[in-house]
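Colleague: structure for this input, please:
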Amino acid sequence: MTTSFHSTQTPASSWALLPWKTRISLTILSKLTDATRRSNGSVNRRLISFFDFRSSPTPSAPYKGVTTTDVTVDASRNLWFRLFVPSSATSSSSSLPVVVFFHGGGFSFLSPDTFAYDAVCRKFARRIPAVVVSVNYRLSPEHRHPCQYDDGLDVLRFLDTTPGALPAVADLSRCFLAGDSAGGNIAHHVAVRASRDRLQLVKLVGLISIQPFFGGEERTESEIRLEGAPLVSMERTDWAWEAFLPAGSTRDHEAANVVGPNAVDISGVEYPSTVVFVGGFDPLRDWQMRYCEWLRKSGKEAKLVEYPTMVHAFYMFPELPESNQIISEVKDFVGSRI
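Modeller: Just a heads-up that it's a prediction; the model follows:
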């Protein structure tokens with residue numbers, strides 16, 4: 001999907017390429033996000049609850065070819081995951097890879113049972129096929145860095161020490177981390193932490209990074225040119241970083257700017273092979289490209305896949321052909337690592 005990129009592309013030109021249904025959805029999502037962010041830096045959770053449509057688990061009978069259950073890891077901090085198992089697994093004697101998924105939402109919004117993420121993870125489970133573990137991590141600003149990374153690593157530790165939490169077909173020796181937007185950021189940092197942990201059953205063999213959320217004090221060319229794009233304008237991303245990072249931090253904190261002056265050296269870390277998906281009309285594009293190049297310079301295997309005409313979070317919209325194409329790309333990547 002990688003093609004040449006033209007710096008003259010603007011939010012208006014990207015908007016014209018999208019179906020009306022997608023445009024309306026992006027506009028509504030952007031407005032709702034803005035409405036729930038209070039001027040004092042907090043989030044109106046009550047207002048969000050009216051619009052964040054949730055999907056119930058389906059443990060008794062498969063829905064769209066997948067059964068789901070919710071598994072508690074630590075009730076004291078509401079740490080749990082939604083487990084997606086393709087119904088085909090019951091009739092197959094072969095094992096399936098495990099994909100541990102972290103949802104997006106700027107570290108502050110959404111959940112594994114949010115309708116759109118439930119639907120996406122069902123697709124991953126059915127089409128890869130794989131056993132998918134979608135993590136409900138704590139949200140900012142109520143819970144700042146490093147809570148989200150702690151939660152992600154603790155889920156891996158839980159899987160490592162509680163193999164009975166997954167079905168027998170789940171093969172933890174073929175484990176992938178995955179995430180989109182803020183979830184892509186979490187997946188990266190959890191991968192670094194896991195490489196230093198003494199996990200016995202869980203073996204990370206790949207990382208699926210879908211339009212990961214990174215940033216820094218610098219304003220990149222794509223951020224400036226695409227200012228006004230839905231979901232991830234500079235004003236919105238600045239707010240998200242301020243709500244997430246430790247009080248007093250700048251966007252050059254190692255959690256945000258993984259390639260910047262405070263970056264953690266991963267050259268000696270056993271980091272999994274990575275595929276990075278980028279949208280040409282995503283203001284975060286330049287940070288994502290730098291991330292991929294930084295992985296390569298650090299001696300890690302990293303593949304870049306660009307969708308030149310796509311906006312941030314495009315794969316969440318099933319009316320876009322590219323949303324199906326990226327599922328196929330993920331399937332191919334997983335297949336190449338097992």
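Colleague: and the strand or helix carrying residue 330, what's buried?
Modeller: Assessed by DSSP states H and E, residue 330 sits inside helix 321-337. Applying a neighbour-count criterion of 16 or more other C-beta atoms under 10 Å, the buried positions in helix 321-337 are 322-323, 326-327, 329-331, 333-334, 337. (C-beta placed from N, C-alpha, C; glycine too.)
Colleague: same thing with stretch 201-217?
Modeller: Under 16+ other C-beta under 10 Å, the buried positions of stretch 201-217 are 202, 204-216.
Colleague: that one: end-to-end distance?
Modeller: For stretch 201-217, the first-to-last residue distance is 39 Å (C-alpha to C-alpha, to the nearest Å).
Colleague: do the same with stretch 194-213
Modeller: The straight-line separation of the ends of stretch 194-213 (C-alpha to C-alpha) is 20 Å.
Colleague: and it, how far out from the chain middle?
Modeller: 13 Å (C-alpha atoms, centre = their mean, to the nearest Å).
Colleague: do stretch 168-185 as well
Modeller: On C-alpha atoms, centre = their mean, the centre of stretch 168-185 falls 10 Å from the chain's centre.
Colleague: for the stretch 101-250 of the chain, which segments count as helices?
Modeller: Remark: helices assigned in the stretch 101-250 of the chain by DSSP state H, counting those that start in this stretch are 115-127, 147-161, 182-195, 221-225, 234-244.
Colleague: in stretch 143-150, what's buried?
Modeller: 143-145, 147-150.
Colleague: what are the contacting residues of that stretch?
Modeller: Here stretch 143-150 makes contact (C-beta atoms under 8 Å, 6 or more residues apart in numbering) with 107, 137-138, 140, 182, 186, 189-190, 193, 243-247, 253, 255.
Colleague: quick one: mean pLDDT for it?
Modeller: In this model, stretch 143-150 has a mean pLDDT of 98.
Colleague: repeat that for stretch 266-282.
Modeller: Computed over stretch 266-282, the mean pLDDT rounds to 96.
Colleague: which positions within it qualify as buried?
Modeller: For stretch 266-282, burial by neighbour count (16+ other C-beta under 10 Å) applies to 266, 269, 271-282.
Colleague: which of these fall within strands?
Modeller: 274-279 (DSSP state E).
Colleague: and stretch 297-307, end to end?
Modeller: Start-to-end, stretch 297-307 (C-alpha to C-alpha) is 23 Å.
Colleague: so for that stretch, what gets flagged as buried?
Modeller: For stretch 297-307, by 16+ other C-beta under 10 Å, it's 298, 300, 302-307.
Colleague: now, which of those residues sits nearest residue 233?
Modeller: residue 307 (19.9 Å; C-beta to C-beta).
Colleague: wait, doesn't the closest one sit right on residue 276?
Modeller: No. Residue 307 lies out of contact with residue 276 (C-beta atoms under 8 Å); the separation is 11.7 Å.
Colleague: quick one: list the elements packing against the helix holding residue 330.
Modeller: Judged by 3 or more C-beta pairs under 8 Å, 6 or more residues apart in numbering; DSSP states H and E, the packing partners of helix 321-337 are helix 115-127, strand 170-180, strand 204-210, strand 274-279, strand 302-307.
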